[in-house]
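Peer 1: Would you be able to build a 3D model of this:
(chains A, B, C and D)
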Protein chains: 2
Amino acid sequence: MEKTVQNFGDKYEKCPMYYTMSILEGKWKWIILWEISRAGVIRYNRLRELLKPIAHKTLSQQLKELESNNIIHREQYNEVPPKVEYSLTKEGESVIPILSLMYQWGKEHRLEGEVLDDGSCMNA
Amino acid sequence: MEKTVQNFGDKYEKCPMYYTMSILEGKWKWIILWEISRAGVIRYNRLRELLKPIAHKTLSQQLKELESNNIIHREQYNEVPPKVEYSLTKEGESVIPILSLMYQWGKEHRLEGEVLDDGSCMNA
DNA sequence: CAGTATCCTGCTTGATACTG
DNA sequence: CAGTATCAAGCAGGATACTG
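Peer 2: Take a look at the predicted model:
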């Protein structure tokens, strides 16, 4: 699997913050997490719709990374047509407070420009 | 100045979380912030020494971005040889709790591998 | 429906050398 | 000392087409 985060020297990779950053970082990870959190349970194409300009490859790749980090759970139903649902794991739920704090901070400290504060981060 | 964070559509850029991420994101930003926070006040070359494999260009670039976001303060003394000190602004201090939370979370949830928890994130 | 497989591009990061 | 300037490269992210 492709990695989203590059290597430093060994020195920094043992830092707990590095681990957390490696999970949250990436152009879409935090948005994906936020949306899954808001939805509770969500299907692949619905998610893709919400994040509209996102590419297939990007979405599935980041979902895989999040899954392999035990942040989200992938439930596959063996039906035709296929059905896959994503939800947060316990681990995943435990990162949401970090995102909330970032949300809070951004709301209070953004210097210029309008900010949405309805929690959607969508629909301008 | 070069930007560290790429554009989505307009939709996401108004999200407060996006603003926060744009400040913290980047390979070195959070480490730089953490180190300045630990030091209180720190000179350019000392910082560079702490982050050793970092490139001149990378460091000065990220410092500039942090400065323009009003996260750090750059104090320049007109002496020979030159002396420049970096410190956190009030804004900058207010992001530290986010990093602390990330530190905490990483410590508790990291799956494998050793983790340093002395707050240094350095010196393997 | 929910993905891979390829191929491609631009940006972030870096190495190195020069300067006020 | 504390940076810029220039040049180069690696990789995250994306477009598009194909598949179980």
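Peer 1: use CA for all of it now, contacts and neighbours both
Peer 2: OK.
Peer 1: Give me the neighbour count for A:Trp105.
Peer 2: 19 (other C-alpha atoms under 10 Å in any protein chain shown).
Peer 1: Check which helices and strands the helix or strand encompassing it is in contact with.
Peer 2: According to DSSP states H and E, A:Trp105 maps onto helix A:90-109. Helices and strands touching helix A:90-109, as assessed by 3 or more C-alpha pairs under 8 Å, 6 or more residues apart in numbering or on different chains; DSSP states H and E, comprise helix A:29-39, helix B:16-24, helix B:90-109.
Peer 1: List the contacts of it.
Peer 2: The set of residues external to helix A:90-109 that reach it, using C-alpha atoms under 8 Å, 6 or more residues apart in numbering or on different chains, is A:30, A:33-34, A:37, A:70-72, A:115, A:117, B:15-21, B:91, B:95, B:98, B:101-102, B:105, B:109.
Peer 1: Give me whichever of the helices and strands packed on helix A:90-109 is most buried.
Peer 2: Comparing these by mean neighbour count (mean count of other C-alpha atoms under 10 Å in any protein chain shown), helix B:16-24 comes out on top with a mean of 23.
Peer 1: angle of that helix against helix B:90-109?
Peer 2: Orientation of helix B:16-24 against helix B:90-109 (axes from the mean of the first three to the mean of the last three C-alpha atoms, to 10 degrees) gives an angle of 90 degrees.
Peer 1: does any part of helix B:16-24 sit near chain A?
Peer 2: Yes - using C-alpha under 8 Å from any C-alpha of the partner chain, helix B:16-24 reaches chain A at B:16-21.
Peer 1: That helix near DNA strand C anywhere?
Peer 2: No - judged by C-alpha under 7 Å from any atom of the strand, helix B:16-24 stays clear of DNA strand C, getting no closer than 9.6 Å.
Peer 1: what's the answer for stretch A:61-80, then?
Peer 2: Yes - on the criterion C-alpha under 7 Å from any atom of the strand, stretch A:61-80 is in touch with DNA strand C at A:61, A:64.
Peer 1: Okay, buried residues for that stretch please.
Peer 2: Using 16 or more other C-alpha atoms under 10 Å in any protein chain shown as the test for burial, stretch A:61-80 gives A:61-67, A:69-74.
Peer 1: Just the residues you listed: which are in helices?
Peer 2: Those of the buried residues of stretch A:61-80 mapping onto helices are A:61-67, per DSSP state H.
Peer 1: Where does pLDDT dip in chain A?
Peer 2: Applying pLDDT under 70 to chain A flags residues A:1-10, A:112-117, A:119, A:122-124.
Peer 1: Okay, the residue of chain A most remote from its centre and chain B: tell me how far apart.
Peer 2: Most distant from the centre of chain A: A:Val80, at 27.6 Å, with distances by C-alpha atoms, centre = their mean. Distance, A:Val80 to chain B, using C-alpha to the nearest C-alpha, to the nearest Å: 34 Å.
Peer 1: for the nearest residue to A:Tyr77 once chain neighbours are set aside, what are its contacts?
Peer 2: Spatial nearest neighbour of A:Tyr77, chain neighbours left out: A:Lys83 (5.4 Å); criterion: C-alpha to C-alpha, 6 or more residues apart in numbering or on different chains. For A:Lys83, the contact set (C-alpha under 8 Å, 6+ apart) comprises A:43, A:76-77.
Peer 1: The same query, at a cut-off of 10 Å, please.
Peer 2: A:Lys83 is in contact with A:43-45, A:75-77, counting by C-alpha atoms under 10 Å, 6 or more residues apart in numbering or on different chains.
Peer 1: Now the phi/psi pair for it, please.
Peer 2: phi -140, psi 130 (degrees, to the nearest 10).
Peer 1: give me phi/psi at the nearest residue to A:Cys121 once chain neighbours are set aside?
Peer 2: Distances taken as C-alpha to C-alpha, 6+ apart place B:Cys15 nearest to A:Cys121, at 4.7 Å, with adjacent residues excluded. The phi/psi pair for B:Cys15 (degrees, to the nearest 10) reads phi -70, psi 130.
Peer 1: I am finished for the moment; much appreciated.
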